[in-house]
Structures are given as structure tokens and as C-alpha cells.
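Visitor: Test case, fold it:
(chains A, B and C)
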Amino acid sequence: MLRFLIRRLIVALLVAATVLTLAFALTRLSGDLAISIAGPNATQQDVELVRKAYGLDRPLIVQFGSWVGRAAVGDFGESYFFKQRVASLIGERMPITVTLGLVGLAIALAISLPLGVLAAAQEGRLADRIVQGITLIGQAMPSFWLGLILMILFGIRLGWLPVSGTGSWQHFVMPGIVLAFTAVPALTRLTRSGMIQALSSDYIRTARAKGLSRLSILLKHALRNAAIPVVAIAAVQLGFMLGGSIVIESVFALHGVGFLAWESIGKNDFPVVQAVVLVLAVIYVGLTLAADLVNAVLDPRLRGQ
Amino acid sequence: MTDIAVVSVTTAGPRRGWRSLGTWLGAAVVGITLFAAIFGPWLAPHDPFTQDLTRRLLPPFWMDGTDPAHPFGTDQLGRDYLSRLIYGARISMLIGIAVTITSGVIGIVLGVIGGFAGGKVDDAVLFAITCRLSIPVVLVALAVVGLLGSSLTLLVLTLGLLLWDRFAVVARSTTMQVRNLDFVAAAWCAGCSRGYILAREVLPNIASHLAVVATLEIALAILLEAALSFLGLGVPPPLPSWGLMIAEAKEYMFFSPWVIMIPGVALFVLVFGINLLGDGLRDLLGTGERS
Amino acid sequence: MSEALLDIAGLRVTFAGGTAAVRGTAIAVNRGETHCLVGESGCGKSVSALAVMNLLARGASRSADRLRFAGEDLLSLSDTGMARLRGNRMAMIFQEPMTSLNPAYTVGSQMTEVHRRHKGSSRQVATDRAAEMLARVGITAPGMRLGQFPHQLSGGLRQRVMIAMALMCDPELLIADEPTTALDVTVQAQILRLLAGLQRDLGLAVLLITHDLGIVARVADRVSVMYAGEVVESARTNDLFARPQHPYTRGLLDCVPVPGKIRPGEPLGSIPGVVPRVRAGFQGCGFRDRCAFAMPECAAEVPRHAAGEAHDYLCRLAADWSGLRGAA
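Guide: Sure, this is the predicted structure:
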């Protein structure tokens, strides 16, 4: 088990290093970064000035080396637009994105687990078909569009919730629901298939032979085993949700990291963009590691080894 | 264990009729959209780019004060909404298919190589998949388009380079399964070359799985294009993408909700239809549940 | 003889695909005796047992002329009523000890659960009872085993745990579905000895399902031979081995190597063909396609003949008919 985790840790570090390189390469895609930073109206002299000021006149490999060296200790340079350290900028915005992600995940699990259990218990019957219909609808729903519809409905027509902004907990309700919607189909399907597999296993037959109640068989014996992969995937799903929050934060003007990245892209603020890409990727890698750990804790077969 | 096998047949039984209805529905939606995409120039009642500021935001046919010449109304610049919707179908289908071809080629090549070669090569492929999954797709796509300026080609390339993971995962695992089957071993023994085995034994046997992935990827690419265009970094205006239509109409949605309902419903129905078709394909080809 | 503990007559199980897995089985298990149900795989032994326990998978339908347990009519019992009997007054153990225990819970948790449900006992009482039962099935250091997870136990130990768990509530009937098939030969013998001992000491009635005639000879009081969903012959064990009547029973006995009787180089008997899959509405003898003595009239209704006290068989041939043994 320990060996397995160490192996995973090494892979995670390698992935982080690769993403670090890609994030750097991403910003050099346009060819001459200095021209992009200086803007369309800059003169040749302005561009040269920018080139010197940002150290872009140095060889690429030197630039890369300094970016890696500083990024490794959490220094992502200074934002061109906000005139602020990128690290502190991201630090300010991160709580909002994480809150949104956790709210979304909690809502998604609260919907997916019961739906998946219900569908598995009623496999092939009406309730199962309805649940599968819901997952198909969820899969096809464009999240930004759903956000706009909720805005019209709850924000304007009913006036229950604020339309956009970051002020209070109410501001997280609609974005949380929309973000949850993006994870519900996958989590529900996984719960359903895990439950169906568990319910057809020998130990469920034993549980029935013991005369246990239907509820105990379903929720104690089957769900406990079906939930192990679901919990692990939920951690990975949280990573996807944080990465995908850029769309939802933009729709609801929620000033999290995603919104920051969107603003920065529009303003050619590359240090911020590459830092956000890197941070989100590292968080994702960390979450997959956490998923392995959670798996190991929940599954007694792995725990002992 | 006869009983379990029999049971699975019976639970699939009643579902089959209901499922095939869904498949036909999906096929109809995709068929109609494809038709509109291909014959758009002949179908559209107006030029989708012609502005008429005197006829802005005309409501669609089911509301009061409509103009019969514009059954779906007009947008904030007086452009015919139905024509833009039809041209938007072209963009969606074009992007969906082109991205899927690009990502399919990358993913299948990587997956088949990894699954077939095994060992260190497979480790490398797995590592590539892990790296790819850790990259936030929307963010990177936005950044690339933001840096290089929006164009259709760039969008297709970017999404194609980002969405190959599922192809690789499925191609890899199914190739591994096929590689270990008896007839492949038999082909090895018969002295067939590696390329021959890949082309004649492996690919035909994993094709059905890949076809199912392809439908999922087309749907995903269409949704992503819409999201990127909505954020202003996808299809360049004035091209009529459904996502862009929603973005441009956003300020008017509180007073005339139909301006976002029409392209939004179109997007939802198309993606829903593609997914239905994919599910039907999965049942038909018997490739089983994949999550 | 007084009323049997488990009295089955005309039991039928049909799968949704149309396969008639069990066709009018009749079995009577008396209190305190071991009744063996033998037959090839796919003949309907396990399905009959699952049908009695009402544990059939969805899609299978059950009907019977009579299905009584300790005088109670199981057919008219609700699902909850049946659940109250299961694990309490009638228990069952299975062929696969490796997968029959829930991997997510400790042995103790799975054992106490039964007692607490049926006897309403406290955690402490149930735990004491579980430790007692583990010791009873020959497990040393029961206290430690209670805290372990199934994957930490060997196959033999797991089957012992299954047995201990089945006996937690002092059942009157234990149905054992091929309990030793998945185990090593040495462990098989231990488990069989354990079952026989428990049966004697606790006065249990055991319905033992097996395909192994060696096991039958060692532990059974009575035997029912099943073929294609029917009991084709039923007798006391000695009687069956001494005077088998049904051609299938005779063929089955010929397949067993008996030391001293078999000379090296001489082939063992075998029955050609496989058990047919019988569909609902099938008429006549299910064995006729494989039977050397088949006649056209075997396709019609087959009579049940008596061949002595508590010995009957399902064949047109008269009792103690003579045919070349092994001609099949």
C-alpha cells in the first residue's frame, strides 16, 4: 500500500512538472509575447521596452528556468494588469472558487446518491428509466444556458436570489446548483452501476438469506460497497468542477479564480493565466492522490496491505 | 449462474422498445440538424449577416406583434433569427465533427499503441493521459484562443488537442482485451506482421467502442464550442454560433427571454439527440456501460 | 412418520426466458436428518433451494402445490414474514465462501447483525453469542476473528464463519448449497465433519446440495436425485446405493470409482450427453435422450413407481428391472 502511494506521489510530481512546462509553453504560443503585452497601438520602441522590462530578451531556456525556479516556490511574478503579486491575487480569489466547488459537489452528491440507489433498486422499471432520463438531460444541458435560465427564473421573475456578485451565501446557491448539474450525470451513473453490481453479488444473497430488512440490505450492505468508487470519483470530479468553474463564475460574475482567469485572458495578463492553469492542475493532481487515499481508507481490502 | 444470465436478458427486454424509441428520436434530431447544416444556404429565408436596425428584436411567431417574414424573430441587430439558427447548426456540426476527427486520430493512435505494446510504452501513454486530464480544458482553450485570436481552424485544433483522452482510454483498454484474445494469438502464431494484426484483427474489434466514444465527443465538443463562444473566445463574430447568439442576446434576456431560449433549446436538443443516438449505438453494438 | 419439517411438493421455477428450471420437485426433510440433493450442475438443485428460501433472482417465478416449513405455509407468507424466518429458523450457506461475506464489514459486525435482528438482542449479548458460535465451529481465538475482515481469512475459515453465522439464531433447518465444492480436499473433509457433528449435536435438519456421491455416502440419511428439474429417485441412502432404480441413478453410480472394484486400465462409466435445457410445457421423461433404455412411450407422462419403503423413482421400468449396469 505504502509503495503504491509513493509510486502515485512520484507520478503526481511528474505530472505537475509536465503541466508546468506546458503552462510556460502556452504563453509563448503567440510567438512574440512582448508584442502581445505592449498592445496593438505600441511602437517598435514600446515593444523593445516591454521586452527588456519583462526579461523577454533573454534566451527561452533562461526564461523557462527562472519561471520554473520561482513557480516551484509559489512565486508567479506580478500581474501586468492588476499590478499585484499573482500569488496573492490567486490567494484572494481561491476561497470563492473552492466554496463554489464544495457547494456544487455537496449538491451533486445529495442528488446523485439517492437517484443512483433508487435506479439500481428499481432496475429496468419506471423509476430507473426516469433517473436515466434525468442523467441524459443533465448531460445535454449547457451549463451557462442553465445559469441564465435560473437567473431569469429565480433572480428576476421570483426574485428569490441575487442575480450576480459575491456578497453573501445566497450568491452561491444558483452557481452551486448549475455546477452540481455538470457532475450529477456521471456520479448518478456510477452510483447506479456500482449498486447494480453490488446487489447482484454473493454477499447480498447472504444478507438476504440472513433475513435482513430490504432497507438494511440496500443501504448498509450494498451502498457501503458501491460508495467506495463514487467517493473516489467525487474527489476527481471536484477537480473537474474547479477547472470548469470559469464558465459559471463568468455567468454569475462570481469573483473567483475562474473569473480572474477570464478577465486576465481578455487583458493579455499572461502571468496570471499561466499561474491559474498551473494551480488548477496541481489541485487536480492533489485531488486524484486524495482519491487514492480515500479509496484505501474505505476499502478494508486495501487498508490492510 | 444461469439465473443471473437469464435475468439480465429479461431486464433488457422491456427496455429495448423504449430505448429504440429514444434512438430513433436521436437519429431524427441529428438527421434534421445535419440536413439544415448541409443545405443551410438554400433553407435559410434570409441572409444571416444582413442587419436591419429598424427591425430589431422582433418576437417569434408564437408571440404578439410578429412579422411573418421572420418566424423566429430578429436579434438585437435586426438579423433574421431563424437564418442565424440554421447557419449556427453548420458551425456546431462542423466543429463537433472536425474536433472529433482530430481528437480521435490522436487518442486512438496513442491508445492502440499503449494497449498493444504494453510495458514502458504503455506507461508513457498512461502518463500522457494523466497529464491531459489534469489540464483544465476550458481555461486552456480560452487562453489559446485569447492569445492567438479567434478563428474556426484554431478552435478545432485546440479542442482536438485537448479532447483525445476518452478516445485514448477506451482504445487502450479495448486493445488490451482484444490483444489477449485467442484469435489474435492465433494470428501471431501464423506469422502475421504487427501492422497486419493491428489493421485486420485489433481495429475492427475495437471500432464499435470507438464509435460510441465518438458520439459522446461530438456532443462534448459542441457544448464546449458553445461555452467558449458564449465567453467571447470561441467562434469569431459575426459568425452565427449558438453560444455566441446566447452571449450577444444576454442583455435582452430579462425582457425578451426567447432570445436566449431559441438558441439554447436548439443546443440542448441537438446534444440530447446525439447522446440518445450514442446510447442506442451502445445497445446495438453491445459495448456495455461505460462511465 | 410425523409431518416433515420441510415439506415440498410440486415445486416449479420458471425463468423469464422460458426455461423450466424446476418441474414439480417433491422433497421432504425430516427433523434432525441430513437429506442430500444430488445431481449434475444445471439440474435445478440450487434453484430449488433458493426457491424454498424465496431468494430467487428477479425474473424467476416460483409456484408449488405445497411448501410448508414446520407446519407453516411458506407460499402465503409475505416478504417480511419470510425474512423473519430466514436466518432465524431456516438458514442457508453457499458454495462460494470467498465472495459470500461482505468485504466492507468485520466478521463480528456481520454475525451480530443476524442475532440483533431476529432476537432483538443487545450488542453485547450478540457479540458473546458470535464468539461462542465461532468457538463452536472450531475457530480458535474467536475474539480476534470477530474484529477481522473477510479478506483476512482463508477459504476454509470463511466457510466456518458462514456456518457459525447461519447457526447464530439456532435454526431448525440448515440448507447447505455445495458448501465444500470451492475448498481444498483436506478442508472439505474438515467442513463435512464439522457439519455432521453440528447436525448431530444440535438436532439440526440439513438439506445438503452436492454433486459428489462420496459426500452423500458419508453424511446423508436420505437422498433425492435430481435430473432436469425433477426428483427422479428418492430413497434412504443405503437403499439407494444398494438398489438404484432409475437409469440415471444407476449411470451416476457407475461414474464413481470404487477402490477394489475398478481394475487399472478399465474405463469408468460415463453418461453420454449433457443435461438438457428444458422449456416450460416439456412432456415426458427428461432423461430419455441420454437413456439406453428409452422407448417411444417415454415421451408421454412417466409414472412414479415405488421400490420399497420410502423409496420411489420416476420411470416406466418396473422395480428392480434388470438391464446391464453400465450399458448406458
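
Visitor: Just the pLDDT for C:L268.
Guide: C:L268 is assigned a pLDDT of 66 by the prediction.

Visitor: Can you list the residue ranges for helices in chain C?
Guide: Counting by DSSP state H, chain C has helices at residues C:45-52, C:79-85, C:107-119, C:123-136, C:142-146, C:155-166, C:185-202, C:213-219, C:237-242, C:247-254.

Visitor: closest to chain B out of these?
Guide: Closest approach to chain B among these (CB to the nearest CB): helix C:45-52, 6.6 Å. For the C-beta atoms, the positions are set from N, CA and C on the backbone; glycine is no exception.

Visitor: how about the helix or strand hosting A:I283: buried residues?
Guide: Using DSSP states H and E, A:I283 sits within helix A:270-298. For helix A:270-298, the neighbour count (16 or more other CB atoms under 10 Å in any protein chain shown) marks A:270-285, A:287-289, A:291-292, A:294-296, A:298 as buried.

Visitor: for it, packing partners?
Guide: Applying 3 or more CB pairs under 8 Å, 6 or more residues apart in numbering or on different chains; DSSP states H and E, one finds that helix A:270-298 contacts helix A:2-27, helix A:33-38, helix A:86-121, helix A:223-252, helix A:257-266, helix A:300-303, helix B:119-134, helix B:137-148.

Visitor: on that earlier part again, just put the helices of chain C in TSV and tack on mean neighbour count.
Guide: TSV is the format used below for the helices of chain C (neighbours: other CB atoms under 10 Å in any protein chain shown):
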stretch	mean neighbour count
helix C:45-52	25
helix C:79-85	15
helix C:107-119	23
helix C:123-136	18
helix C:142-146	17
helix C:155-166	24
helix C:185-202	16
helix C:213-219	18
helix C:237-242	17
helix C:247-254	23
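
Visitor: how about those in JSON lines, adding mean pLDDT and distance to A:L212?
Guide: Shown next, in JSON lines, are those (pLDDT from 0 to 100; distance: least, CB to CB, whole Å):
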{"stretch": "helix C:45-52", "mean pLDDT": "90", "distance to A:L212": "16"}
{"stretch": "helix C:79-85", "mean pLDDT": "89", "distance to A:L212": "7"}
{"stretch": "helix C:107-119", "mean pLDDT": "92", "distance to A:L212": "6"}
{"stretch": "helix C:123-136", "mean pLDDT": "92", "distance to A:L212": "14"}
{"stretch": "helix C:142-146", "mean pLDDT": "91", "distance to A:L212": "19"}
{"stretch": "helix C:155-166", "mean pLDDT": "91", "distance to A:L212": "12"}
{"stretch": "helix C:185-202", "mean pLDDT": "88", "distance to A:L212": "23"}
{"stretch": "helix C:213-219", "mean pLDDT": "87", "distance to A:L212": "30"}
{"stretch": "helix C:237-242", "mean pLDDT": "87", "distance to A:L212": "35"}
{"stretch": "helix C:247-254", "mean pLDDT": "84", "distance to A:L212": "38"}
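
Visitor: Compile those into JSON lines and extend it with columns for distance to chain A.
Guide: Shown next, in JSON lines, are the helices of chain C (distance: least, CB to the nearest CB, whole Å):
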{"stretch": "helix C:45-52", "distance to chain A": "8"}
{"stretch": "helix C:79-85", "distance to chain A": "4"}
{"stretch": "helix C:107-119", "distance to chain A": "5"}
{"stretch": "helix C:123-136", "distance to chain A": "13"}
{"stretch": "helix C:142-146", "distance to chain A": "14"}
{"stretch": "helix C:155-166", "distance to chain A": "7"}
{"stretch": "helix C:185-202", "distance to chain A": "17"}
{"stretch": "helix C:213-219", "distance to chain A": "21"}
{"stretch": "helix C:237-242", "distance to chain A": "27"}
{"stretch": "helix C:247-254", "distance to chain A": "28"}
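
Visitor: residues touching whichever residue of chain A sits closest to chain B, list them.
Guide: At 3.1 Å from chain B, A:G243 is the closest residue in chain A, using CB to the nearest CB. Contacts for A:G243 (CB atoms under 8 Å, 6 or more residues apart in numbering or on different chains) come out as A:L280, A:Y284, B:P136, B:V137, B:V138, B:L139.

Visitor: hmm, which two among those are most spread apart?
Guide: Comparing every pair within the contacts of A:G243 by CB to CB identifies A:Y284 and B:V138 as the most remote, at 13.2 Å.

Visitor: Count residues in the vicinity of the closest residue to A:S201 other than its chain neighbours, would you?
Guide: Spatial nearest neighbour of A:S201, chain neighbours left out: C:T99 (6.6 Å); criterion: CB to CB, 6 or more residues apart in numbering or on different chains. Per other CB atoms under 10 Å in any protein chain shown, the neighbour tally for C:T99 reads 17.

Visitor: What is the three-state secondary structure of A:G69?
Guide: With DSSP: H, G, I helix; E, B strand; the rest coil as the basis, A:G69 sits in helix.

Visitor: burial of it, as a residue count?
Guide: There are 10 residues near A:G69, going by other CB under 10 Å.

Visitor: Tell me how far it lies from B:L21.
Guide: Applying CB to CB, to the nearest Å, the value for A:G69 to B:L21 is 61 Å.

Visitor: try C:P142
Guide: C:P142 is 58 Å from B:L21, by CB to CB.

Visitor: now B:T130
Guide: 40 Å.

Visitor: Which one's more surrounded, these two?
Guide: Applying other CB under 10 Å to B:T130 and B:L21 shows that B:T130 carries more neighbours, namely 18 against 12.

Visitor: Nearest residue to that one in space, ignoring adjacent ones along the chain?
Guide: Nearest non-adjacent residue to B:T130, counting by CB to CB, 6+ apart: A:V15, 5.4 Å away.

Visitor: check contacts around that neighbour.
Guide: A:V15 sits next to A:A281, A:V285, B:F127, B:T130, B:C131, B:S134 when contact means CB under 8 Å, 6+ apart.

Visitor: same thing with B:L82?
Guide: Residues in contact with B:L82 (CB under 8 Å, 6+ apart) are B:A44, B:P45, B:H46, B:H70, B:P71, B:F72.

Visitor: Among these, pick out the one closest to chain A, please.
Guide: The shortest gap between chain A and any of the contacts of B:L82 belongs to B:F72, at 16.9 Å (CB to the nearest CB).

Visitor: quick one: secondary structure of that closest one?
Guide: Look at B:F72: counting by three-state DSSP, its state is coil.

Visitor: Isn't it up against B:W62?
Guide: No - if you go by CB atoms under 8 Å, B:F72 and B:W62 don't touch, sitting 9.8 Å apart.

Visitor: So which of the two has more stuff around it?
Guide: It is B:F72, of B:F72 and B:W62, that has more neighbours when counted by other CB under 10 Å, with 24 against 9.

Visitor: Give me the pLDDT for that one.
Guide: Here, the pLDDT recorded for B:F72 equals 78.

Visitor: So it versus B:G88, what's the distance?
Guide: Distance of B:F72 to B:G88, computed by CB to CB: 11 Å.

Visitor: Poorly predicted segments of chain A, please.
Guide: Applying pLDDT under 70 to chain A flags residues A:1, A:30-32, A:36-37, A:39-40, A:302-305.

Visitor: try 80 this time
Guide: A:1-5, A:27-43, A:50-58, A:60, A:72-83, A:155-157, A:159-170, A:232, A:268, A:295-305 (pLDDT under 80).

Visitor: OK, now which residue of chain B is nearest to chain A?
Guide: In chain B, the residue that lies nearest chain A is B:P136 (3.1 Å; CB to the nearest CB).

Visitor: Tell me how many other residues surround the residue in the stretch 101-250 of chain C positioned nearest to chain B.
Guide: Using CB to the nearest CB, the closest approach of the stretch 101-250 of chain C to chain B is made by C:G229 at 11.6 Å. When neighbours are counted by other CB under 10 Å, C:G229 registers 29.
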